[in-house]
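**Student:** give the three-dimensional model of this entry:
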Amino acid sequence: MVVLSLGEFLWSLLVIFFMVVYFMMLFEVIVDVFRRQDESGGKKALWLIFLFILPFASLIIYMVMNSEGMAERQRGVMEARGYRASGGGNSSGPATEIANAKTLLDSGAITQEEYQSIKARVLA
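**Tutor:** Predicted structure coming up:
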């Protein structure tokens, strides 16, 4: 039976933590390499080869060289999925939706029954 001291256990936890962080960063960079539209297939292949031959150095180099592009591509993906920079996919609350429905009712775009069904759905 192997017994670890507290120091060895804490050191192991620290190593595992940094390994998880490293692999998360590596995965994000690999996804970004494939997401790029401005690079040819050959350049993408070279980045991937570089990432597998010199993983730590190439990861840092890619992130420093392409940080703004990575952020833009990530923002584009999030917007395509319906998220906004203001904090979520649907930042309007029930009050805003009811107010919008009331505006539509007042303009004649929807009927009173449609307004009531929207209001009931939002408040449910």
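
**Student:** so who does Lys102 touch?
**Tutor:** Applying Cβ atoms under 8 Å, 6 or more residues apart in numbering to Lys102 gives the contacts Tyr115. To be clear about C-beta, it is placed using only N, CA and C from the backbone, and glycine gets the same treatment.

**Student:** could you rerun that using 10 Å?
**Tutor:** Contacts for Lys102 (Cβ atoms under 10 Å, 6 or more residues apart in numbering) come out as Ile110, Tyr115, Ile118, Lys119.

**Student:** in a markdown table: those residues, plus neighbour count, secondary structure and distance to Phe17.
**Tutor:** Shown next, in a markdown table, are the contacts of Lys102 (neighbours: other Cβ atoms under 10 Å; DSSP: H, G, I helix; E, B strand; the rest coil; distance: Cβ to Cβ, whole Å):
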| residue | neighbour count | secondary structure | distance to Phe17 |
| --- | --- | --- | --- |
| Ile110 | 17 | coil | 54 |
| Tyr115 | 17 | helix | 53 |
| Ile118 | 18 | helix | 48 |
| Lys119 | 16 | helix | 49 |
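
**Student:** can you report how many residues neighbour Val33?
**Tutor:** Residues within reach of Val33, counting by other Cβ atoms under 10 Å, total 20.

**Student:** longest helix in the chain, please.
**Tutor:** When the chain is scanned for its longest helix (criterion: DSSP state H), the result is helix 6-35.

**Student:** tell me how far that helix lies from the chain's centre.
**Tutor:** In this view, helix 6-35 has its centroid 18 Å away from the chain centroid, taken as Cα atoms, centre = their mean, to the nearest Å.

**Student:** now, which of the contacts of Lys102 sits nearest Leu51?
**Tutor:** Ranked by distance to Leu51 (Cβ to Cβ), these are led by Ile118 at 50.3 Å.
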